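Quick check, what structure comes out for this input:
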Amino acid sequence: MISEFRSRFRSRFRFRHLRLGVIGVSLVVLVVLEGLNAPLPPMAVATMVSGVLCLAAFAVPERLFTRYTIGAAAVSCVLTVVEAQLSQRPPNTPGLVELGVLLLLITRAVRRCRPLRAVGLVAGSALAAVILPLRIDAWDNNLLNLIAVIAVCAVPFMVVAGLCLRLYDTLREREREAIRQGQRLEHARELHDFVAHHVTAIVAQTKAARFTAAAGHTQSPEDLDRMLAQIERAGSQALGSMRAMVSSLRDHTTASAATRPTGDPAGLRSLHGLTEEFSEVGPPAELTLAPGLADRPLSPGIITTVHRVVQESLTNVRKHATRVGRVEVRIGVRPGDPERLEVSVVDDGQGGASPAAERSAEGSGYGLVGLAERVEKVNGRITTGPRDGGGWHVVAVLPLDKANKADSADAATSGEAAPNVTFSG
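Residues are numbered from 1 along each chain as shown. Sure thing, here's the model as predicted:
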């Protein structure tokens with residue numbers, strides 16, 4: 001796919017350069033023909049040089065544009081003043097190609113340059129364009145009318161055109177930045193959801209081993225082998241998630257599915273593996289899945305969001321909660337609202353929320369913020385906070401009857417600010 005894209009890009013690039021080359025050669029030929037209209041050979045050469053210099057100023061890269069534009073406008077003005085003093089001047093055309101390019105230089109200066117620099121370039125190019133008709137032989141009312149049209153209509157029109165193009169470029173850049181910001185937020189959420197979950201498991205198991213060693217308990221070889229195997233598995237899963245993320249960044253169209261949770265066709269049944277994995281290195285987690293949802297087809301956006309809610313909640317329990325004896329994960333239809341899915345993760349930690357959890361609730365962490373963004377993308381809402389009597393709860397309410405809207409929201413990216421998380425307690 002990448003090679004095909006490169007070949008298409010190269011063919012379009014060559015065609016574009018070929019087209020620009022044909023246009024450039026045609027304009028140079030017109031400049032030469034206009035120069036041959038001059039009665040004197042030196043005047044013809046000077047007209048050709050001035051026209052070609054204006055064409056070069058319009059075609060050069062941005063870093064050379066200012067220098068070439070100043071030179072082209074200065075040469076054009078000097079040539080016009082000199083020819084105006086001569087008795088023999090061109091009988092029909094003063095250099096219409098040069099005039100048109102000078103007007104285009106005004107538009108490019110307004111569009112691309114900083115305001116102060118654009119004012120200077122516009123003034124020089126406008127002056128050269130306004131006085132350019134003085135090169136013609138017949139000075140009459142028609143010539144004065146032409147100068148007036150250039151000064152009153154053509155120059156202001158090109159300035160307005162440049163301002164419109166400048167505004168268009170600004171809006172397009174903002175749109176691109178919004179898309180990039182949305183992509184960055186999406187990748188940040190994916191990285192946090194996958195890698196942080198596995199790394200937290202590694203840290204928790206390592207702390208358990210150090211605590212056991214510090215307490216003076218001797219671990220059997222079987223226990224050590226089991227703990228190291230769990231650490232190895234969590235590390236392998238983290239590496240696999242990072243590979244999937246790298247693949248998604250390199251080729252999002254073919255690898256984005258690699259960063260999505262996988263499971264059986266029922267979707268939510270794979271949560272059993274998530275809770276069992278959590279229970280192996282932490283307090284027991286019990287999953288209660290409503291029988292009506294076990295075989296109910298749900299949209300991929302909703303299934304992904306449910307996985308993320310449960311995964312992030314279990315990760316926060318492992319990282320922040322203290323003295324937790326049990327974690328309950330319940331997924332079912334919201335009571336009193338059959339069109340809503342309720343996901344609840346509750347722990348029974350004693351003593352309320354830990355300081356680390358309080359810091360996350362105040363917004364210094366990114367887990368709950370990213371979770372709230374993901375829930376809002378499928379038109380849901382999430383509530384987190386300490387429970388009465390101790391512990392922490394996370395409750396997400398998601399729509400069940402808007403599969404298409406959820407899918408489109410999950411696939412879209414936006415650069416909006418991170419939403420607020422609702423806390424209770």
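
How about whichever strand or helix holds Leu171, which residues are buried there?
Of the helices and strands defined by DSSP states H and E, Leu171 is found in helix 155-191. Buried residues in helix 155-191, counted by 16 or more other Cβ atoms under 10 Å: 155, 158-159, 161-162, 166, 182, 185-187, 189-191. Placement of C-beta: from N, CA and C, glycine included.

repeat for stretch 335-351
Arg340, Leu341, Glu342, Val343, Ser344, Val345, Val346, Asp347, Asp348, Gly349.

Mind putting those residues into a markdown table with distance to Ile202, secondary structure and pLDDT?
Shown next, in a markdown table, are the buried residues of stretch 335-351 (distance: Cβ to Cβ, whole Å; DSSP: H, G, I helix; E, B strand; the rest coil; pLDDT from 0 to 100):
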| residue | distance to Ile202 | secondary structure | pLDDT |
| --- | --- | --- | --- |
| Arg340 | 36 | strand | 87 |
| Leu341 | 32 | strand | 90 |
| Glu342 | 31 | strand | 91 |
| Val343 | 26 | strand | 92 |
| Ser344 | 27 | strand | 91 |
| Val345 | 21 | strand | 92 |
| Val346 | 25 | strand | 91 |
| Asp347 | 21 | strand | 89 |
| Asp348 | 25 | coil | 86 |
| Gly349 | 21 | coil | 79 |
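
The stretch 301-425 of the chain: helices as residue ranges?
With DSSP state H, counting those that start in this stretch applied, the stretch 301-425 of the chain shows helices at 355-362, 367-377, 403-411, listed in chain order.

show me what contacts Glu342?
Arg330, Ile331, Gly332, Val333, Arg334, Pro335, Val395, Ala396, Val397, Leu398 (Cβ atoms under 8 Å, 6 or more residues apart in numbering).

In this structure the last one contacts His307, no?
No - with contacts counted by Cβ atoms under 8 Å, Leu398 stays clear of His307, the gap being 11.7 Å.

For these two, indicate the residue with more neighbours.
Ranked by neighbour count (other Cβ atoms under 10 Å), Leu398 and His307 place Leu398 first, with 26 against 21.

For the more buried one, name its beta-bridge partners.
Leu341 (DSSP bridges).

need the contact list for it.
Ile302, Thr305, Val306, Arg340, Leu341, Glu342, Val343, Val375, Val378, Asn379, Gly380, Ala406.

Let's have those in a markdown table, adding distance to Leu53.
As requested, the contacts of Leu398 are arranged in a markdown table below (distance: Cβ to Cβ, whole Å):
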| residue | distance to Leu53 |
| --- | --- |
| Ile302 | 64 |
| Thr305 | 62 |
| Val306 | 66 |
| Arg340 | 70 |
| Leu341 | 70 |
| Glu342 | 73 |
| Val343 | 69 |
| Val375 | 61 |
| Val378 | 60 |
| Asn379 | 60 |
| Gly380 | 63 |
| Ala406 | 60 |
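
And those residues, which two are furthest apart?
Glu342 and Ala406 (15.6 Å; Cβ to Cβ).

any idea how far Glu376 is from the residue sitting nearest the centre point of the chain?
In the chain, the C-alpha nearest the mean C-alpha coordinate belongs to Arg180, at 0.8 Å (Cα atoms, centre = their mean). Distance from Arg180 to Glu376, counting by Cβ to Cβ, to the nearest Å: 20 Å.

same thing with Ala215?
45 Å.

who's more crowded, those two?
Comparing Ala215 with Glu376 by other Cβ under 10 Å, the one with more neighbours is Glu376, at 18 against 7.

So for the more buried one, what's the pLDDT?
Glu376 carries a pLDDT score of 87 in this model.

helices or strands up against the helix or strand where Glu232 lies?
Per DSSP H and E, Glu232 falls inside helix 221-250. Helices and strands touching helix 221-250, as assessed by 3 or more Cβ pairs under 8 Å, 6 or more residues apart in numbering; DSSP states H and E, comprise helix 155-191, helix 197-214, helix 252-255.

Format those as JSON lines; extra columns: mean pLDDT and distance to Leu99.
Output for the helices and strands packed on helix 221-250, formatted as JSON lines (pLDDT from 0 to 100; distance: least, Cβ to Cβ, whole Å):
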{"stretch": "helix 155-191", "mean pLDDT": "87", "distance to Leu99": "11"}
{"stretch": "helix 197-214", "mean pLDDT": "73", "distance to Leu99": "67"}
{"stretch": "helix 252-255", "mean pLDDT": "50", "distance to Leu99": "48"}
